[in-house]
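*Asks:* dropping the sequence and predicted coords here.
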Amino acid sequence: MRCVSIAAHVRGSQVLGIIPTTLAERNFAGKTIGEELRVPTMQDRIWKMLDNSDAFIALPGGIGTLEENFQIASWAQLNIHHKPIGLLNVDSFLTNY
């Protein structure tokens, strides 16, 4: 995500990093590109992402990435939002899941 946020920021796009305070305090994400918004919990992070996003695209990642994408997808099925959702399958990362 860092490479994507840098590329977007350099080209003039708004970049907002949303991170739980406990992870930010441990410097989990490294240096923030653009604006950083700290929230109390991971659940708050997902709600803030929903509030601040026009669409969702998941890059290859771990269990947390999949969990967040499933939650956003289930909220779409429940008509909580109607935003586009995508998975970017870089180098066939997701092919065997």
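*Replies:* That came through fine.

*Asks:* residue 75: which element?
*Replies:* helix 63-77 (DSSP states H and E).

*Asks:* need the next SSE after that helix, C-terminal direction.
*Replies:* Criterion used, DSSP H and E; the element after helix 63-77 is strand 85-87.

*Asks:* ok, so what distance separates the closest residue in space to residue 88 that isn't next to it in sequence from residue 41?
*Replies:* The shortest distance from residue 88 to any non-neighbouring residue, by C-beta to C-beta, 6 or more residues apart in numbering, is to residue 59 (5.3 Å). Every residue, glycine included, has its C-beta placed from N, CA and C. Residue 59 sits 22 Å away from residue 41, going by C-beta to C-beta, to the nearest Å.

*Asks:* who's more crowded, those two?
*Replies:* Taking other C-beta atoms under 10 Å, residue 59 and residue 41 do not tie; residue 59 has more neighbours (14 against 11).

*Asks:* let me see the contact set for that one.
*Replies:* For residue 59, the contacting residues are 1, 4, 65, 88, 90, by C-beta atoms under 8 Å, 6 or more residues apart in numbering.

*Asks:* pLDDT weak spots in this structure?
*Replies:* 29-30, 97 (pLDDT under 70).

*Asks:* list the buried residues for stretch 65-84?
*Replies:* Neighbour counts over stretch 65-84 (16 or more other C-beta atoms under 10 Å) mark 68, 69, 72, 75 as buried.

*Asks:* I am finished for the moment; much appreciated.
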